[in-house]
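**Student:** sharing a sequence plus its predicted fold:
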Amino acid sequence: MTALLYSLGVLGRGTLAAMASIGRVMLFALSALSHILRPPFYGREFMVALLNIGWLSLPVVGLTAVFTGGALALQIYAGGARFSAEAVVPQIVAIGMVRELGPVLVGLMIAARVTSSIAAEIATMKVTEQIDALTTLSTNPMKYLVAPRVLAALLVVPVLVGVGDVIGIFGGYSVATGSLGFNGAAYLKNTVNFLEPLDVLSSLIKGCAFGGIAAVMGCYFGMHSGRGAQGVGRATKGAVEAAAVLILAANFLLTGALFSL
């Protein structure tokens with residue numbers, strides 16, 4: 001009986017701690033969004049974040065997308081050959097990249113590259129008391145550090161997802177026409193005819209959600225990091241792990257909401 005009560009206590013404490021953490025993250029995200037909508041606005045910080053999150057992420061997003069699109073074409077062709085359905089390669093590559101693989105892979109790359117960078121940068125500022133200095137200078141850290149990064153991610157990650165979708169489809173096109181014997185014009189025609197506006201819209205919506213998650217997680221763990229080098233390391237690791245898991249969970253929920261009809 002005592003062991004059972006102890007186990008239930010541990011489970012209850014863990015559940016309460018998890019719910020409290022979720023509540024803190026939600027309040028932090030709402031606070032960040034509210035600061036985006038209220039002046040003052042720090043244009044220079046926003047432009048720097050836009051450059052770091054958007055332009056500097058293009059190489060890794062492009063390489064990830066093109067190789068994924070090529071591998072997807074090979075896999076679909078090999079699987080379709082078992083049922084004499086090789087002709088579906090253009091359609092499945094297009095819908096696979098635009099609906100799922102494009103947004104998810106771009107989101108995970110942003111989590112790996114941007115979330116870790118934001119968390120390490122803000123955590124280092126906290127350790128070196130630069131955030132305290134901002135407060136002393138009557139500058140709100142949420143408005144100066146968090147809001148520009150979250151806004152930049154919300155705006156630029158959907159663009160990266162769109163670029164990743166196009167590059168991924170091009171990767172599938174290159175493999176299909178170069179190695180699998182597909183006609184280039186017919187491949188592109190099948191791709192365009194098969195995709196629907198909802199497919200593209202869902203991809204952009206997912207990109208916006210994933211960008212917000214990546215930026216919020218980086219800022220949250222950075223602002224709540226522990227002291228010293230170990231605190232910075234834990235904040236960075238926790239931010240990437242949380243962002244990756246939440247992106248995959250959000251992808252499941254958004255897919256169910258957008259395509260359940």
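**Tutor:** Everything's here; your move. Numbering: from 1, shown residues only.
**Student:** C-alpha only now, for contacts and for neighbours.
**Tutor:** Noted.
**Student:** so what's the nearest residue in space to G54 that is not next to it in sequence up against?
**Tutor:** Spatial nearest neighbour of G54, excluding adjacent residues (C-alpha to C-alpha, 6 or more residues apart in numbering): V156 at 5.6 Å. Going by C-alpha atoms under 8 Å, 6 or more residues apart in numbering, V156 touches 50, 53-54, 211.
**Student:** flag every buried residue along the strand or helix carrying V156.
**Tutor:** V156 belongs to helix 147-179 when assigned by DSSP states H and E. Using 16 or more other C-alpha atoms under 10 Å as the test for burial, helix 147-179 gives 147-176.
**Student:** do stretch 132-147 as well
**Tutor:** 132, 140-147.
**Student:** which SS class is G181?
**Tutor:** coil (DSSP: H, G, I helix; E, B strand; the rest coil).
**Student:** distance of it relative to A81?
**Tutor:** Between G181 and A81 the computed distance is 13 Å (C-alpha to C-alpha, to the nearest Å).
**Student:** and the lowest mean pLDDT element among the helices and strands of this protein?
**Tutor:** One helix or strand of the chain scores below all others by mean pLDDT, DSSP states H and E: helix 2-37, with a mean of 80.
**Student:** against which helices or strands is it packed?
**Tutor:** Helix 2-37 is packed against helix 147-179, helix 197-223, with contacts defined by 3 or more C-alpha pairs under 8 Å, 6 or more residues apart in numbering; DSSP states H and E.
**Student:** beyond it, next helix or strand please.
**Tutor:** Following helix 2-37 toward the C-terminus (DSSP H and E): helix 43-53.
**Student:** quick one: list the elements packing against that next one.
**Tutor:** Judged by 3+ C-alpha pairs under 8 Å, 6+ apart, the packing partners of helix 43-53 are helix 147-179.
**Student:** any idea of the angle the helix it packs on forms with helix 43-53?
**Tutor:** With axes from the mean of the first three to the mean of the last three C-alpha atoms, to 10 degrees defining the directions, helix 147-179 sits at 30 degrees from helix 43-53.
**Student:** average model confidence for helix 147-179?
**Tutor:** On average, the pLDDT along helix 147-179 is 92.
**Student:** now do stretch 206-215
**Tutor:** Here the average pLDDT along stretch 206-215 is 94.
**Student:** what's the burial count for T236?
**Tutor:** By the criterion of other C-alpha atoms under 10 Å, T236 has 26 neighbours.
**Student:** and the spatially most central residue of the chain, what helix or strand is that in?
**Tutor:** Central residue of the chain (C-alpha atoms, centre = their mean): G107, 2.5 Å from the mean position. Following DSSP H and E, one finds G107 within helix 102-110.
**Student:** relative orientation of the next helix or strand after that helix and helix 147-179 in degrees?
**Tutor:** Note on helix 102-110: by DSSP H and E, the next helix or strand toward the C-terminus is helix 116-127. Angle between the axes of helix 116-127 and helix 147-179 is 160 degrees (criterion: the same axes, to 10 degrees).
**Student:** which secondary structure elements does the helix or strand following helix 116-127 sit against?
**Tutor:** Next in sequence after helix 116-127, counting helices and strands by DSSP H and E, comes helix 130-136. Helix 130-136 sits against helix 141, with contacts defined as 3+ C-alpha pairs under 8 Å, 6+ apart.
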